[in-house]
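> A predicted structure for the sequence below; I have some questions about it.
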Amino acid sequence: MITYFEANLTNISIHRVGNKSAGNSCNFSDAEVYFKDDLIGKLLMQYFISPFEKVNEMYQFSHPTDNLELNEMYHFATAMFASADDFHEKTVQIAKHLYDVSNHPKIKSGELYVVHFEQLQIDGELLQAIGIFKSETKETYLKVYPEQKNFQVTYEQEAINIKKLDKGCLIFNTDKEDGYRVAVIDQTNKSNEAVYWTDEFLKLRVRNDNYNQTNTVLSVYKDFVTQGMEGELEMSKTDKIDLLNRSMKYFKEKDNFNLDEFAAEVIDNNQAIESFKTFKSNYEEEFDTVIGDEFEISNAAVKKQARVFKSVLKLDKNFHIYIHGNNELIEKGVEDNGRKYYKIYYENEL
């Protein structure tokens, strides 16, 4: 969890970065921004950091050669953490780097903010951080004010809504050898042009921490139950829902994941267990990642996955049956005339 109630914004520079492929230019400021009003700093802190308070997935810098020094943003962040003497000059280099990778025709021009924070908290630890944010979306705001005995209305165009950060990343001064710990937000682009922010500009990969291990295992298991078992094992939809419910129960009740324990308690079928382990190995090979056989379970990841684990049995357009527990209390059958049915047993009507 990222919080900022103890944080200080110590340096900030602002530039405007255009779309290189469209022939838009860049406008680099001559110096850092200094606030005459403390309220501006507080509003910017809210604008920059509050969207990250619910971010759990962490990334780290990477490079195809595994030489982190060749990652531009890793290089700039390391230099900024080492010394703030030429902070503004480094922000100009960052803006130029962003401009160089802004080649997709749909990438919008916008203001780039490069910020140095102190005492920014992540998972209870107070750290330095470099923030890089881009505002692309502008809005029109009305302003009502008194004038003599009446009220007047005016407006401001091309204004920024401080509750809507378009793009941002926070680079925390920890785990340097692994590529730092980086949190990312991109709320404007969900299609192909969006990859320039994470893949081209920042060059990030997901950290293999407890959150991502938990999230990945649950995703892989869900895909295995809903897709991977087709053709290998004869299973009804209620059986599949039961397997999903049992897996979620395991992750909610346990503190640590153990693959063999999980397989025995949740899957409980030798053929299905071997099939799942093969499915998991194929995933690791395809995506060039390693999923640990043992790790500490992240409650945040479990909560996220619980939203997409479906326990609903859909019957035509007439009925949806929500199955949360014992699948032995529901029976499937076919009448002599060919009509299909489910029989449900229960003790109390709530």
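Perfect, thanks for sending it. Residues are numbered from 1 along each chain as shown.
> quick one: the strand or helix carrying K280 to chain centroid distance?
Using DSSP states H and E, K280 sits within helix 270-286. Taking CA atoms, centre = their mean, to the nearest Å, the mean C-alpha location of helix 270-286 is offset from the chain mean by 26 Å.
> please apply the same query to stretch 86-103.
24 Å.
> which parts of it are buried?
For stretch 86-103, a neighbour-count test (16 or more other CB atoms under 10 Å) marks 87-88, 90-95, 97-99, 101-102 as buried. No exception for glycine: its C-beta is placed from N, CA and C like everyone else's.
> quick one: mean pLDDT for stretch 306-326?
Looking at stretch 306-326 alone, the average pLDDT works out to 64.
> neighbouring contacts of the helix or strand hosting K304?
According to DSSP H and E, K304 maps onto helix 299-306. Helix 299-306 is contacted from outside by N56, N210, Y211, N212, T214, N215, L218, S219, K222, M248, F251, K252, using CB atoms under 8 Å, 6 or more residues apart in numbering.
> how about it: buried residues?
Within helix 299-306, the residues scored as buried using 16+ other CB under 10 Å are A300, A301, V302, K304, Q305.
> how about stretch 51-68?
Within stretch 51-68, the residues scored as buried using 16+ other CB under 10 Å are P51, F52, V55, N56, M58, Y59, Q60, F61, S62, L68.
> and of the buried residues of stretch 86-103, the nearest to A264?
For these, the residue nearest A264 by CB to CB is V101; the value is 48.2 Å.
> list the residues that contact that closest one.
Y196, E200, F201 are the contacts of V101 under CB under 8 Å, 6+ apart.
> do that again at 10 Å, thanks
By CB atoms under 10 Å, 6 or more residues apart in numbering, the contact list for V101 reads K20, E72, I107, Y196, W197, D199, E200, F201, L202, K203.
> any idea of the pLDDT on it?
So V101 comes in at 92 (pLDDT).
> what distance do you get for the residue nearest to it when sequence neighbours are not counted to K106?
In space, and not counting its chain neighbours, V101 is closest to E200: 4.0 Å by CB to CB, 6 or more residues apart in numbering. Between E200 and K106 the computed distance is 14 Å (CB to CB, to the nearest Å).
> over to L218?
33 Å.
> so these two - more neighbours on which side?
Legend: neighbour count by other CB atoms under 10 Å for L218 and K106, higher for L218 (23 against 13).
> and that one, which of the three is it?
The three-state label given to L218 by DSSP: H, G, I helix; E, B strand; the rest coil is helix.
> now stretch 29-40: buried residues?
V33.
> outside of it, which residues touch it?
Contacts for stretch 29-40 (CB under 10 Å, 6+ apart): 9-16, 41-44, 87-88, 91-92, 95, 113-116.
> what ranges do the helices span in the stretch 201-350 of the chain?
210-223, 237-253, 259-262, 270-286, 299-306 (DSSP state H, counting those that start in this stretch).
> excluding chain neighbours, give the residue nearest to N24 in space.
G18 (2.6 Å).
> where does the stretch 201-350 of the chain have low pLDDT?
230-233, 310-332, 341-342, 345-346, 349-350 (pLDDT under 70).
> with just CA atoms, put stretch 256-263 into PDB.
In PDB, the C-alpha atoms belonging to stretch 256-263 read as follows (Å, rounded to 0.1, in the frame of the first residue of the first chain):
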ATOM      1  CA  ASN A 256       1.300 -19.700   2.600                       C
ATOM      2  CA  PHE A 257       0.900 -21.500  -0.700                       C
ATOM      3  CA  ASN A 258       2.300 -25.000  -1.200                       C
ATOM      4  CA  LEU A 259       1.700 -26.600  -4.600                       C
ATOM      5  CA  ASP A 260       1.500 -30.200  -3.400                       C
ATOM      6  CA  GLU A 261      -0.700 -29.300  -0.500                       C
ATOM      7  CA  PHE A 262      -2.900 -27.200  -2.800                       C
ATOM      8  CA  ALA A 263      -3.200 -30.000  -5.300                       C
END
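> just the buried positions in that stretch, please.
Neighbour counts using 16+ other CB under 10 Å place F257, L259, F262, A263 of stretch 256-263 among the buried residues.
> touching, T137 and K163? I think so.
No - taking contacts as CB atoms under 10 Å, T137 lies outside contact range of K163: 11.6 Å.
> run me through the strand neighbours of the longest strand belonging to the chain, direction for each.
The single longest strand within the chain, with elements called by DSSP state E, is strand 110-122. With DSSP bridges as the test, strand 110-122 is paired with strand 2-3 (antiparallel), strand 8-17 (antiparallel), strand 125-135 (antiparallel).
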